[in-house]
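Colleague: Quick one, what's the 3D model for this:
(chains A and B)
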Amino acid sequence: MKASIAGKREERQRRQNYRERVKAMMSQAIPEKATTMEASSEKAITTEESSDKAAIMHSEAVAESVAASVLEDWSNIRDDAIIQQQNAIIAEEAEKMPFVGDKEALSALAAEYESGSSILKEKIKILEEKYAAIRRTRGDGNCFFRCFLFAYLEHVLESQDKTEVAHMLNKVEECKATLLGLGYLEFTFEDFVLSFTDLLEGVIQGTEASISYDELLDRSRNASISNYVVMFFRFVTSAEIKKRADFFEPFIMGLSNVTVEKFCQSSVEPMGEESDHVQIIALSDALGVPIRVVYLDNSSNGPSKLDVNHHDFIPSSTGSSSPNVTMLYRPGHYDILYPK
Amino acid sequence: MQASRARLFKEYKEVQREKSVDPDIQLLCDDSNIFKWTALIKGPSETPYEGGVFQLAFAIPEQYPLLPPQVRFLTKIFHPNVHFKTGEICLDILKNAWSPAWTLQSVCRAIIALMAHPEPDSPLNCDSGNLLRSGDLRGYQSMAKMYTRLAAMPKKG
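Modeller: Now for the predicted structure:
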């Protein structure tokens, strides 16, 4: 009790100090107007009942000039200018790298680290024993979802596994029901769902809507399709996390100390937000697709034999436990890996 | 482009259908351009904005709803998170926390919530933010109320 009173007093003192600092700053920045500013805020109170337009106009002018002089430097940098710059950077990045690259032999990875650390070189050698190729994706914060998009659909295209497609369409229906149950409006997500199911049905050959491997690659590189599918996965991931909030909450609190709701709003649904374990678990569970992530970093477990760690995300709902989506994770980025 | 048009058309239909549900929000689409919208929102009660009607201008990008709409206050407002001159709004869902799950209607709702719960720690209007941060609630409220009367209410006589 005592402590809280002391705390309050301290708080009051802090506010008082702050107020004085602000006053001092104001009078420094605009010596001749410091007093009029105070007067104007008092005037604002007294003019509440009067409609003395001149006085109001005056105080408006003062308020504006205060704002203008104190904020001159900042007010020129507006949010839309920042967003514009961000977009320019994204566009520049886009020219260097498509959303989904071409398949490259794993030796391309070794070439990248020619002058790198010995641990990385050693690990890449181990990778070359098990994996044949890599397919890079653009580092735009959506790389995990983009890897999943292409690796999964490519797998279905190659296997022509109609049971898997039927299974997936079921899962998509479940996800839609979950979103509706959580209060999402159908028209806000239905276009994104369609972008995915169109591709999914398209990769099965022998119908009018069938698409070839090249067409799949084209569409995965086409912003208006590819980004829509990524957004569909973001909806699915967000819905799964919210649906099983009790399960995910400790992970999320441990990671970022925010609520499940806030986490989904700030780190799952917005495009360009990077994905981590929580998102991978949720997407894999929601769609029933096992995912393997192979980690390539500078860590080593002592002087003994070096190994490359991987983690399998196996959804509880499926019997299948061999991942057909494999990704290479290097801190901050995911690419697609192809086993031998 | 096609996708955003289709989505906006769905929102348009939803707005017509929901007109009576949310009497505090009136959303109008520009007759000749579906990418331009105007909203009239009522200042929330028990705030200095009560009794005022505020006009918002929406400019919708072609990549909508992957990108958020640009929203500005056209009516002058004294609020920590609204730029005093440009009407620009500092609200996370309009910037880095945007999701296509939001609609023009729910964005209006979020702006009304922001009017009732200003966040003085990320101010676009520092004068307003400083009044709140220094605990001068009376100063903030009287300034905000003054501008509400001045700009957001019908002129008397």
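Colleague: List the residues that contact the residue positioned nearest the centre of chain B.
Modeller: Relative to the mean C-alpha position of chain B, the nearest C-alpha, by CA atoms, centre = their mean, is the one of B:I111, at 4.4 Å. By CB atoms under 8 Å, 6 or more residues apart in numbering or on different chains, B:I111 lies in contact with B:I41, B:L56, B:V71, B:I89, B:L91. Any C-beta I mention is one placed from the backbone N, CA and C, and that applies to glycine too.
Colleague: mind checking how far it is from B:N33?
Modeller: 22 Å (CB to CB, to the nearest Å).
Colleague: Now go through the contacts of B:I111 and say which are in strands.
Modeller: Judged by DSSP state E, the subset of the contacts of B:I111 located in strands is B:I41, B:L56, B:V71.
Colleague: correct me, but A:N298 touches A:K121?
Modeller: No. Using CB atoms under 8 Å, A:N298 is not in contact with A:K121, being 11.0 Å away.
Colleague: Would you mind pulling up the elements that whichever helix in chain B runs longest packs against?
Modeller: Criterion DSSP state H: the longest helix present in chain B is helix B:2-18. Judged by 3 or more CB pairs under 8 Å, 6 or more residues apart in numbering or on different chains; DSSP states H and E, helix B:2-18 is in contact with helix A:186-202, strand B:25-29, helix B:104-116.
Colleague: now the ones you listed in a markdown table, with mean pLDDT?
Modeller: Shown next, in a markdown table, are those (pLDDT from 0 to 100):
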| stretch | mean pLDDT |
| --- | --- |
| helix A:186-202 | 96 |
| strand B:25-29 | 93 |
| helix B:104-116 | 96 |
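Colleague: Which residues of the stretch 101-250 of chain A lie near chain B?
Modeller: Residues of the stretch 101-250 of chain A lying close to chain B by CB under 8 Å from any CB of the partner chain are A:184-185, A:187-189, A:191-192, A:224, A:227-228, A:231, A:234-235, A:238.
Colleague: Among the helices and strands packed on helix B:2-18, which comes closest to B:T75?
Modeller: Of all these, it is helix B:104-116 that lies closest to B:T75, at 11.4 Å by CB to CB.
Colleague: Quick check: A:E158 is in a strand.
Modeller: No. Read with DSSP: H, G, I helix; E, B strand; the rest coil, A:E158 is helix and lies in no strand.
Colleague: Starting from chain B, give me the distance back to it.
Modeller: 29 Å (CB to the nearest CB, to the nearest Å).
Colleague: Could you check how many residues crowd around that residue?
Modeller: Neighbourhood size, A:E158 [other CB atoms under 10 Å in any protein chain shown]: 11.
Colleague: A:L296 versus that one, what's the distance?
Modeller: Separation of A:E158 from A:L296 (CB to CB) stands at 25 Å.
Colleague: what do you get for A:Y213?
Modeller: The spacing between A:Y213 and A:L296, counted by CB to CB, is 27 Å.
Colleague: Settle it for me: which of those two has more neighbours?
Modeller: It is A:L296, of A:Y213 and A:L296, that has more neighbours when counted by other CB under 10 Å, with 22 against 12.
Colleague: I'd guessed that one sits against A:L127; true?
Modeller: Yes. Counting by CB under 8 Å, A:L296 does reach A:L127; the two are 7.1 Å apart.
Colleague: which residues are in contact with both of the two?
Modeller: A:V308, A:L328.
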